[in-house]
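>>> need coordinates for the following:
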Amino acid sequence: MLLPRIGPLRSAARQTLVRKSAIAASAAILLFGPTAAVATAQPDPAPSLPAELVTALARDLKISPEEYLHRADVAQQVAAFATTAQRQFPAVFGGSWLDDNGKAVVALAQGPGADEAKKAAESAGFEVRNVAKSESALRGEKTAFQRWLDGQPEAVSALVRGVVIDTVNNSIAVRVDKAGLPMPNFIDPARVIVMAPPVAGEQGTLQATEIAGAANGVLAGGDGYASVAGRMSLRCSLGFNGTDRNGNIINVTAGHCNPDIPSAGNDNAARIHELNGDRLGNELGRFEKSVLGAQDYSVVRIADQARDRFSNNEVRVPGAASVRIEGVATPVVGAPVCKSGSRTGFSCGVVNAVDQTVQVGERELTQAFSANICALPGDSGGPIVTGRLALGISSASSVADYPICEIPNLIGALTGNAPQLFAQPVSVVLSDNPGLKIRTN
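A predicted model of the protein is given here:
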């Protein structure tokens, strides 16, 4: 789990909190998804992205702002096509993604409607790739594997972290903790991936003996905050600003950033405070709803005295210029994404798995997507964008026990085992909360 920074409200004594996160269901696809590459863009005449984000794009993805915006747009085009294709051509649709060069690919199997589906995909400007199996066939294999696993002894099943539909390779991929486990004959041995469960944890402190002075100015996605319940406090990052169905100003952040989840929505709910260095600033709001289990999100109701500070659609590195959010996106494998967090700022990568499960301790985060991005404790709850669209909330990390991102980034460059950031899709939060909206102006 991408842990918030933790500390007692009135003590500087350090605490150690080590928690394990293991990639389940869709983890194996992380090794096979597309990576970023430079490609010719259809230029946006005025990208208007903040300098810090432009720097992150050049450093992490080696692409220009124009190419970033172009690829993000193409990803949403093919996502819309996929939604229709899944309904109209279920017997042949095999999935869709962006390839290494940012080109949209639609996979099609043979069967009823294949010619019509191919014509539709090519007319939309997408590359068509012929594959052996449709998504529905792969879902059947995934279900068959899960049934097989249910019948295995504990010595085997405990070492299998999950199974995923690997769309890019038109196969089922399985992640395990140990090599040599028995597998059903329909699983390709090349798609059995051995990886040790990543450990996420870092001790941290909030040194605060009193409420610091007043502050003012805009508060945006990526800015830090402290959540407080009794003597416990957590450091996290603000997510996307928005409004609830009653018009109240809210912020969507991570569920695990609430130190007292059962109290959410009550008069004694945990509060969030502005941070002035290592000291608590003014109260900004309280947790109206927190979900931590299959999902990981919180809706923070902003206090009346802070409403104007949250009445914006901005995402930024704390204190810098902002990206202004224009809508909500669907996760697409291969799409370029960037996260902002109060600990590590902007960093970028590509989506490498969607609709996956992440095992965090005893719970499983479902419907998550992941990207090859480093995030550290304190980045929890921060926003993930693709182009100028809201995509997700930072939830869990494979490298949260490192002190700085340069170390796991270097290891990833040498070994190919890049850091992974797991995220709560914003679209799922909105579907779970009718009337909730992310600000787009």
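
>>> so Ala413 sits in a helix?
Yes - counting by DSSP: H, G, I helix; E, B strand; the rest coil, Ala413 is found in a helix.

>>> and the strands in the stretch 201-350 of the chain?
All strands of the stretch 201-350 of the chain, identified by DSSP state E, counting those that start in this stretch, fall at 224-229, 232-237, 240-243, 249-253, 271-276, 279-292, 296-302, 314-316, 322-324, 327-328, 336-339, 347-360.

>>> buried residues in the fifth one?
The neighbour-count criterion (16 or more other CB atoms under 10 Å) identifies Arg271, Ile272, His273, Glu274, Leu275 as the buried residues of strand 271-276. To be clear about C-beta, it is placed using only N, CA and C from the backbone, and glycine gets the same treatment.

>>> any idea how far that strand is from the middle of the chain?
Computed by CA atoms, centre = their mean, to the nearest Å, the chain-centroid distance of strand 271-276 equals 24 Å.

>>> export only the CA atoms of that strand, formatted as PDB.
Only the C-alpha atoms of strand 271-276 are listed here, as PDB (Å, rounded to 0.1, in the frame of the first residue of the first chain):
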ATOM      1  CA  ARG A 271     -10.500  16.300   9.800                       C
ATOM      2  CA  ILE A 272      -8.000  17.400   7.200                       C
ATOM      3  CA  HIS A 273      -5.600  20.300   7.900                       C
ATOM      4  CA  GLU A 274      -3.400  22.400   5.800                       C
ATOM      5  CA  LEU A 275       0.300  21.800   6.400                       C
ATOM      6  CA  ASN A 276       2.800  24.600   7.100                       C
END
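
>>> tell me the strands beside that strand, with direction?
Sheet pairing of strand 271-276 (DSSP bridges) gives strand 224-229 (antiparallel), strand 279-292 (antiparallel).

>>> the host helix or strand of Arg147 packs against which elements?
Using DSSP states H and E, Arg147 maps to helix 135-150. Other elements packing on helix 135-150 under the criterion 3 or more CB pairs under 8 Å, 6 or more residues apart in numbering; DSSP states H and E are strand 93-98, helix 154-157, strand 160-166, strand 171-176.

>>> mind running it again at 7 Å?
Helix 135-150 sits against strand 93-98, strand 160-166, strand 171-176, with contacts defined as 3 or more CB pairs under 7 Å, 6 or more residues apart in numbering; DSSP states H and E.

>>> farthest pair within the buried residues of strand 271-276?
Farthest apart among these by CB to CB are Arg271 and Leu275. That separation is 12.9 Å.

>>> quick revisit: of the buried residues of strand 271-276, closest to Leu365?
Using CB to CB, Ile272 is the member of the buried residues of strand 271-276 that lies nearest Leu365, at 21.9 Å.

>>> correct me, but the closest one touches Val299?
No - contact status for Ile272 versus Val299: not in contact, 11.6 Å apart, counting by CB atoms under 7 Å.

>>> okay, now Ile373: neighbour count?
Burial of Ile373 is recorded as 32 neighbouring residues (other CB atoms under 10 Å).
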